[in-house]
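**Q** Make a model of this:
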Amino acid sequence: MAQRKINGNQLFMTVLYAVAACGAVPISDLLDRASQRSDTLHSLSTMLTQDLDSHFPPIGRMIMPRPSMCHTSSLQTPNDKEQALQVSESDLMSLARSLLQAWSDPLEVLSTSVKTLPHPAQNSISNKIKELQEHSKSLGDGLNILSGKMGPAAQTISSLPYSGGNDIGQDRISKLTNFHFLLSCFRRDSHKIDSFLKVLRCRAAKLQPEMC
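**A** Residues are numbered from 1 along each chain as shown. Okay, the predicted model is just below:
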């Protein structure tokens, strides 16, 4: 199963590189492929959150940090689709790439921390975290190709360093709460990335705003 997923990612990149090399392929087709991958990424993060919710202590919800404490919160992004439609294509691509790159280290923290996570679905959660890393890497490579076709502004990356460290806590409540918080931040950002790419795909297809 794991080998099949890895091959799927490799196929995605092979196809993306191939179509990008062909000048006749519309950028809308490239964005469609990237949007499909981002949709998978967000769906997977949603499933992971649901897995954690099935065994999450009530006190954890009371002490969980606010969303404004996510390490990517300093990046100014559109709040909804209407605002996103007012942002230039290059800026939307830059925002999507900045958010995705900001999760390289935190996803590694989740991957390492899940090994000691006090949760009955630990193995399943661990496998899904690995899938998140694979899909994130694949999508990042794809967006690098797309940004190169969109000009210098789209290639700009905002630095959003993660300073949370590798330790998510020593006791059961801390581990579950901090793991859940970090994952919820990723779920929020993956939704933004998916939304930005869908707006870009919509614009490239020259659809009316109300159809986006």
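**Q** Please count neighbours and contacts with C-alpha atoms only from this point.
**A** Noted.
**Q** What distance do you get for Trp63 to Gly164?
**A** Just to correct that, residue 63 is Ile rather than Trp. 17 Å (CA to CA, to the nearest Å).
**Q** now this protein, which segments are flagged as low pLDDT?
**A** 1-25, 209 (pLDDT under 70).
**Q** And the helices in it?
**A** For the chain, the helices defined by DSSP state H occupy 2-21, 27-53, 58-63, 81-84, 89-101, 104-113, 122-150, 172-204.
**Q** what sits against the most centrally placed residue in the chain?
**A** Residue closest to the mean C-alpha point of the chain, counted by CA atoms, centre = their mean, is Ser190 at 3.5 Å. Ser190 is in contact with 38, 41-42, 45, 100, counting by CA atoms under 8 Å, 6 or more residues apart in numbering.
**Q** do His180 as well
**A** Contacts of His180 by CA under 8 Å, 6+ apart are 49, 52.
**Q** repeat that for 10 Å
**A** His180 is in contact with 48-49, 52-53, 56, 60-61, 64, 110, 174, 186, counting by CA atoms under 10 Å, 6 or more residues apart in numbering.
**Q** Tell me how many other residues surround the residue lying closest to Ser74 once chain neighbours are set aside.
**A** What sits nearest to Ser74 in space, not counting adjacent residues and going by CA to CA, 6 or more residues apart in numbering, is Leu160, at 7.9 Å. For Leu160, the neighbour count with other CA atoms under 10 Å is 16.
**Q** what's the distance between Leu160 and Met64?
**A** 21 Å.
**Q** ok, now Ser90?
**A** Counting by CA to CA, the gap from Ser90 to Met64 is 35 Å.
**Q** next one: Asp171
**A** Taken as CA to CA, the span from Asp171 to Met64 is 15 Å.
**Q** do the same with Asp141
**A** 33 Å.
**Q** same question, Val109
**A** 18 Å.
**Q** what's the closest non-adjacent residue to Lys192?
**A** Ala96 (7.5 Å).
**Q** how many neighbours does the one you found have?
**A** Based on other CA under 10 Å, the number of other residues close to Ala96 is 23.
**Q** ok so, going back, between the contacts of Ser190, which sits nearest Gly151?
**A** Leu100 (18.8 Å; CA to CA).
**Q** And for the closest one, the neighbour number?
**A** Quick note: Leu100 (other CA under 10 Å) scores 21 neighbours.
**Q** my read: Ser111 touches Lys128, true?
**A** Yes. Judged on CA atoms under 10 Å, Ser111 makes contact with Lys128 at a distance of 9.4 Å.
**Q** what is in contact with those two at once?
**A** With CA under 10 Å, 6+ apart, Ser111 and Lys128 have no common neighbours.
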